[in-house]
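Trainee: Below: sequence and its predicted model.
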Amino acid sequence: MSVPTALSEPDLQLRQSEIIGALSHALDLTEGLPAGHAQRCCWIGMHLGQEWGLGEQDLADLYYALLLKDAGCSSNAARIFSVYGCDDRVMKREFKHIDSEKFFDVAKFAWSHISPGESWHAKLPRLLNLVAKGDQIGDELFMTRCEQGAEIAEQLGFSDRVCDAIRGLDEHWDGHGSPRKLQGEAIPIFARIALMSQVVEIFFAEGGSELAISTVQARRGSWFDPALVDVFDRVAVLPELWEGLRDPDIGARLLALEPAEYAHVVDDAELDRLAGAFAAVIDAKSPFTFGHSSRVCQYAQRIGAEVGLSERQLLWLRHAALLHDIGKLGVSNSILDKPGKLTDAEFAQVKLHPVYSMDILSKVGIFNSLAPVASGHHERLDGRGYPWGLKGDQIDYATRIISVADVFDAVSAERPYRGAMPVDQALGILDEMAGPALDGDLVAVLRRTL
């Protein structure tokens, strides 16, 4: 069996901020927001932090707290779908446009997003559940999101201040935020800055600087620390703030803002932690894919080791396997968790996830060669796969390994429409797919390793 010798990541040196900034586009997808949202929030927040008078160490922590503020965003997506019966991405995006402290605005929002397109009879049970348990459900959703995000930041080795900022993102100055109802100075300053930055970015995108400024002023003393609003007033007169938000290459601007003393190039161990952390974000999207990326990684590495890949090649394969489904963060849980058969339109949405994976991973220079490999795992040897319809030798050897690992886990693990499948039965399905879809030699290798 011929094994490629160039199966490894390119010898590039990238700063941690570049990689996290690029991968934050996946978090934007999960929130239903335009690509670059987290980076633009970081741009705003760093201006606020500098004007507030934060020192270099504080600014470095703030920088990563802003980029990772949505790290837990996938963890409550399934719960949102189960409670509201709607597209979780749409709901998350549109919820950010209302004032959650205004009861009638929240009630109107909830009614318009419960089971869209269904009759009021179908909506009623969900509505009654929200009336009875709305506050409890809301706090649960925010708590899940905040804690998962903080755990991701901790896994990446960031300070307690970064983690606490993520935990406190949705707290309001007047104590009416979520999930802990923190008030005033009890809310970490990084969290106060992150929330304001998020609101400014969203309302700037909707209606320009005037709408962003008026929204901040309207929430002075309720959502926002009055002293921080005064800081924003001083920053808002700077043309460069708004110019940066219009710049499609906001990532380059952010590199110049990162405190130089704390900028560093990632090593293999850090890159591995980054891939593992974002795999956890991916797998948290749906209970039916929980652990999927890590299991695919394990199966792929077993196959890779058996066919003689070097340690360096196995590390590269590990990263590709961990991140192969990162594009699923852009697919609604109303599709991922649907118990019945998907419609053609729904399946068309599923077929876009490798395209999203390709787009996200190709933004990271060190993953340039990995992006097409990871995103090609639904291609078939007979050319009937998706999204590009590659055939035969057009499909990379590493992609074939990941495809075998992915299909095995997909058929053996529990899914919304069926229970878990015994290993022998799952391997039987892979044997049937060997030739037209999967590489038969690699299926045989997987069988041996199991």
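Mentor: Yep, that arrived.

Trainee: all helices in the stretch 301-450 of the chain, in order from the N-terminus.
Mentor: Counting by DSSP state H, counting those that start in this stretch, residue ranges of the helices within the stretch 301-450 of the chain are 311-322, 333-336, 344-350, 353-361, 370-375, 397-412, 423-433, 440-449.

Trainee: low-scoring pLDDT stretches of this protein, where are they?
Mentor: For the chain, the stretches with pLDDT under 70 are 1-12, 415-419.

Trainee: wait, residue 411 sits on residue 423?
Mentor: No: taking contacts as C-beta atoms under 8 Å, residue 411 lies outside contact range of residue 423: 9.9 Å. (Each C-beta comes from the backbone N, C-alpha and C, glycine too.)

Trainee: rewinding a little: residue 103: which of the helices of the stretch 301-450 of the chain is closest?
Mentor: helix 333-336 (26.7 Å; C-beta to C-beta).

Trainee: Show me what that closest one is packed against.
Mentor: Where contact means 3 or more C-beta pairs under 8 Å, 6 or more residues apart in numbering; DSSP states H and E, helix 333-336 is packed against helix 77-84, helix 344-350.

Trainee: re earlier: which of residue 411 and residue 423 has more residues huddled nearby?
Mentor: More neighbours surround residue 411 than the other of residue 411 and residue 423, with 19 against 13 (other C-beta atoms under 10 Å).

Trainee: Which residue, other than its chain neighbours, is closest to that one?
Mentor: Counting by C-beta to C-beta, 6 or more residues apart in numbering, residue 426 is the residue found nearest to residue 411 once chain neighbours are left out, at 4.6 Å.

Trainee: Identify, out of the helices and strands packed on helix 333-336, the most deeply packed stretch.
Mentor: Ranked by average neighbour count under the criterion mean count of other C-beta atoms under 10 Å, the helices and strands packed on helix 333-336 are headed by helix 77-84 at a mean of 21.

Trainee: returning to that earlier point: I'd like to know which of the helices of the stretch 301-450 of the chain lies nearest to residue 248.
Mentor: With distances scored as C-beta to C-beta, the stretch of the helices of the stretch 301-450 of the chain nearest to residue 248 is helix 353-361 (14.1 Å).

Trainee: Just the angle for the closest one relative to helix 311-322, thanks.
Mentor: With axes from the mean of the first three to the mean of the last three C-alpha atoms, to 10 degrees defining the directions, helix 353-361 sits at 120 degrees from helix 311-322.

Trainee: for helix 353-361, packing partners?
Mentor: Applying 3+ C-beta pairs under 8 Å, 6+ apart, one finds that helix 353-361 makes contact with helix 16-30, helix 370-375.

Trainee: Make CSV out of the helices and strands packed on helix 333-336 and add distance to residue 187.
Mentor: Shown next, in CSV, are these (distance: least, C-beta to C-beta, whole Å):
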stretch, distance to residue 187
helix 77-84, 24
helix 344-350, 38
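
Trainee: follow-up on the earlier one: I'd like to know which of the helices and strands packed on helix 353-361 lies nearest to residue 314.
Mentor: Residue 314 lies closest to helix 370-375 among the helices and strands packed on helix 353-361, at 13.3 Å (C-beta to C-beta).

Trainee: So which elements touch the closest one?
Mentor: Counting by 3+ C-beta pairs under 8 Å, 6+ apart, helix 370-375 packs on helix 311-322, helix 353-361, helix 397-412.

Trainee: domain parsing for the chain?
Mentor: 31-262, 268-449 (automatic domain parsing).

Trainee: can you list the ones you listed in CSV and add distance to residue 17?
Mentor: Listed next are the domains of the chain as CSV, based on distance: least, C-beta to C-beta, whole Å:
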stretch, distance to residue 17
domain 31-262, 5
domain 268-449, 11
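
Trainee: looking at these, which is closest to residue 20?
Mentor: Closest of the domains of the chain to residue 20 is domain 31-262, at 5.2 Å (criterion: C-beta to C-beta).

Trainee: coming back round to it: rebuild the helices and strands packed on helix 353-361 as CSV, extending it with mean neighbour count and distance to residue 94.
Mentor: Below are the helices and strands packed on helix 353-361 laid out as CSV (neighbours: other C-beta atoms under 10 Å; distance: least, C-beta to C-beta, whole Å):
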stretch, mean neighbour count, distance to residue 94
helix 16-30, 24, 15
helix 370-375, 24, 29
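
Trainee: Nearest approach to residue 75 belongs to which of those helices?
Mentor: Closest to residue 75 of these, according to C-beta to C-beta: helix 16-30, at 9.7 Å.

Trainee: check which helix or strand covers residue 59.
Mentor: Applying DSSP states H and E as the criterion places residue 59 in helix 56-67.

Trainee: which helices and strands does that helix pack with?
Mentor: By 3+ C-beta pairs under 8 Å, 6+ apart, helix 56-67 packs against helix 16-30, helix 37-52, helix 160-167, helix 189-218.

Trainee: Quick one: those as a markdown table, columns for distance to residue 131 too.
Mentor: Listed next are the helices and strands packed on helix 56-67 as a markdown table, based on distance: least, C-beta to C-beta, whole Å:
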| stretch | distance to residue 131 |
| --- | --- |
| helix 16-30 | 28 |
| helix 37-52 | 32 |
| helix 160-167 | 28 |
| helix 189-218 | 27 |
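
Trainee: For residue 383, find the nearest of those helices.
Mentor: Nearest of these to residue 383, taken as C-beta to C-beta: helix 16-30 at 28.3 Å.

Trainee: burial of residue 240, as a residue count?
Mentor: Neighbour tally, residue 240, other C-beta under 10 Å: 12.

Trainee: Which strand or helix spans residue 222?
Mentor: Using DSSP H and E, residue 222 sits within no helix or strand.

Trainee: What distance do you get for it to residue 229?
Mentor: Residue 222 sits 11 Å away from residue 229, going by C-beta to C-beta, to the nearest Å.

Trainee: What of residue 58?
Mentor: 20 Å.

Trainee: In terms of neighbours, single out the busier of these two.
Mentor: Taking neighbours as other C-beta under 10 Å, residue 58 and residue 229 compare with residue 229 leading, 19 against 16.

Trainee: Surely the more buried one is in contact with residue 217?
Mentor: Yes: counting by C-beta under 8 Å, residue 217 is a contact partner of residue 229 at 6.9 Å.

Trainee: For stretch 379-398, measure first residue to last.
Mentor: 12 Å (C-alpha to C-alpha, to the nearest Å).

Trainee: which parts of that stretch are buried?
Mentor: Using 16 or more other C-beta atoms under 10 Å as the test for burial, stretch 379-398 gives 379-381, 385-388, 390, 395-398.

Trainee: same question, stretch 256-270
Mentor: When burial is assessed from 16+ other C-beta under 10 Å, stretch 256-270 yields the following buried residues: 257-259, 266.

Trainee: Same question for stretch 346-362.
Mentor: 346, 349-350, 353-354, 356-362.
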